[in-house]
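> How does the following fold in three dimensions:
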Amino acid sequence: MKTRIDWKGKMAFSGITPSGHEIKMDAAEEDGGSNSGARPTEILLDAVAGCTGIDIISILTKMRLNPTNFYMDVEGQRANDHPKKFTEIHIHYVLEGDLPEDKVVRAIQLSVDKYCSVAHSLSATIHVSYSINGMKTKGI
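You can find the predicted model right below:
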């Protein structure tokens with residue numbers, strides 16, 4: 001996989017992903033940017049959630065289970081000192097539909113523990129919890 005990121009002035013950068021989608025990144029105004037794009041760390045946090053979400057839908061579909069709704073609340077904690085890497089990421093998966101809890105747990109575990117290449121590219125500890133049809137659990 002290869003990509004190119006072009007500088008757009010000040011702290012702004014733009015790139016076209018290998019799949020043809022534009023990504024815009026910039027720093028906050030207080031950091032010398034113009035706030036014209038997402039922060040790279042925001043994109044990284046979304047990428048972890050998106051990666052696990054794609055895995056979970058793929059696994060559930062193979063189990064012949066179809067969520068009617070699915071979203072994730074994601075929170076990342078970062079170190080105070082540079083390089084200010086993510087130290088923990090909390091993902092709360094909310095799924096709705098006729099979904100047996102054991103199958104949802106299995107899909108989440110397979111994604112986080114085995115398949116999600118984005119998560120495995122980070123050194124952060126990833127904590128997960130989930131809800132099925134509004135019933136929140138303790139987590140995995």
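
> in this protein, which helix has the most residues?
Counting by DSSP state H, the longest helix found in the chain is helix 40-62.

> Centre of the chain to that helix, how far?
5 Å (C-alpha atoms, centre = their mean, to the nearest Å).

> mean confidence for that helix?
Mean pLDDT, helix 40-62: 97.

> same question, stretch 71-79
What stretch 71-79 shows for mean pLDDT is 96.

> and what of stretch 121-133?
87.

> Next, the buried residues of it.
By 16 or more other C-beta atoms under 10 Å, the buried positions in stretch 121-133 come out as L122, A124, I126, V128, S129, Y130, S131, I132. C-betas here are computed from N, CA, C, even on glycine.

> Out of those, the closest to N66 would be?
Ranked by distance to N66 (C-beta to C-beta), these are led by I132 at 13.3 Å.

> was I right about E96 contacting N69?
Yes. E96 is within contact range of N69, at 4.1 Å (criterion: C-beta atoms under 8 Å).

> Between these two, point out the one with more neighbours.
Neighbour count, other C-beta atoms under 10 Å: between E96 and N69, E96 has more, with 14 against 9.

> ok, the residue nearest the centre of the chain - contacts?
Centroid-nearest residue in the chain: A49, 2.0 Å away (criterion: C-alpha atoms, centre = their mean). Contacts for A49 were tallied using C-beta atoms under 8 Å, 6 or more residues apart in numbering; they are M72, V74, I91.

> No further questions, thank you.
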